[in-house]
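S.K.: Just a sequence and a predicted model for now, questions to come.
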Amino acid sequence: MNKAGILNNSTIDPNKILPMRYPWAREYYKTGVNNNWVPEEVPMMDDIELWKKSPERGGLTPEERRMILWNLGFFSTAESLTANNIVLAVYRHVTNPECRQYLLRQAFEEAIHTDMFIYCSDSLGLDPDEIYSMYESVPSIKAKDDFVIGMTSSIMDPNFKTDTTENIQKFIHDLFGYYVIMEGVFFYAGFAMMLQLLRQQKMVGIGEQFQYTLRDESVHLAFGSDLINTIVQENSEVWTDSFKQDLADKMKVAVDLEDAYAQDCLPRGIMGMNAEIIRQYLEHIADRRLERIGLEKIYGATNPFPWMSEIMDLKKEKNFFETRVTEYQTAGNLDW
């Protein structure tokens, strides 16, 4: 076990960020700062008008409304769940100062995302009790949240310490549940649905906010993957065949849970998108998430949504006060 590594390192002062040991963490922090945004920058008037229209008058179909509500219902509480993991658990064990700087940045971004759902719900006049209780009342949403809560139970224990090989494995297991599954799989079906709506020029305000959120989450996922890889590199004894198989098995369960959620969101195909295509996309991104942390892919699926890479690589932003497109000053440049 590496006692001078990224976890609970007693040989460094967590208040001294220089000299840096993990420059990749600093780069993620700077990327997050460059990607800064707030929901109120995005106009919602067209969304409000479209939301109020009946289908007969050119408004959204019942299937489109269901998809939007299901995604708002899941994401509105999922962002709080991820923020709690950062502040209450991950930060305590990852004592490296530049990693902590990024974790604080990520926590801020989770707060921005939470604000997004407040802004969207208020703008559309949605019942907050309905939206914010869907993680309990909708079985497919509850199953996903329960799975992640179960996977991240170890590090939420105030007495938990990463002082043994077994406990470091538990910590990696929980990071896998939080970063790789929650942010890397459970978020992405919803992103694909909402951004397909944006591509159809429907609910553009909400779609643009999901686009900015996706950009943030891609950085969160990259940081989490590098955090896992660094812990494994510094504690190679934890990376046993049985442990890797356990993570792969958890990924299979996660894909099935997200598949069930997608079928619930899209009981019938809309906008050229259906549950079968979503399943293919889930298998594709699951393979990519596994390979990112040195595990073998499972499915071998191709990407049915190549446009997701383009929409994630947000090179421009709108000047919302002048309603024209301007170059984004310092766009994120992650290579996936």
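M.R.: Looks like it came in fine.
S.K.: rest of the way, CA atoms for contacts and neighbours
M.R.: Fine.
S.K.: show me where this protein has helices.
M.R.: Taking DSSP state H, the helices of the chain run over residues 23-34, 45-52, 62-85, 91-93, 97-124, 128-131, 134-137, 139-151, 165-175, 188-199, 204-234, 241-265, 275-292, 307-312.
S.K.: what's the closest of the ones you listed to I6?
M.R.: Set against I6 and scored by Cα to Cα, the helices of the chain come closest in helix 204-234, at 6.7 Å.
S.K.: Quick one: list the elements packing against that closest one.
M.R.: Contact partners of helix 204-234 among helices and strands, from 3 or more Cα pairs under 8 Å, 6 or more residues apart in numbering; DSSP states H and E: helix 23-34, helix 45-52, helix 97-124, helix 165-175, helix 188-199, helix 307-312.
S.K.: Show me how far the last one is from its chain's centre.
M.R.: Read it as helix 307-312. From the chain centre to the centre of helix 307-312 is a distance of 15 Å (Cα atoms, centre = their mean, to the nearest Å).
S.K.: Rounded mean pLDDT for that helix, please.
M.R.: Mean per-residue pLDDT for helix 307-312: 76.
S.K.: looking at the helices of the chain, which is closest to A301?
M.R.: Per Cα to Cα, nearest to A301 of the helices of the chain: helix 275-292, 4.8 Å.
S.K.: could you give the angle of the closest one to helix 188-199?
M.R.: Inter-element angle recorded for helix 275-292 and helix 188-199: 120 degrees (by axes from the mean of the first three to the mean of the last three Cα atoms, to 10 degrees).
S.K.: For burial, what's the neighbour tally of E64?
M.R.: 19 (other Cα atoms under 10 Å).
S.K.: Could you report the separation of the nearest residue to M203 once chain neighbours are set aside from M271?
M.R.: Once flanking residues are discounted, M203 sits nearest to D47: 4.7 Å by Cα to Cα, 6 or more residues apart in numbering. Separation of D47 from M271 (Cα to Cα, to the nearest Å): 18 Å.
S.K.: The two: which is more packed in?
M.R.: Set side by side, D47 and M271 show more neighbours around D47, with 18 against 11, by other Cα under 10 Å.
S.K.: Sweet, I'm off.
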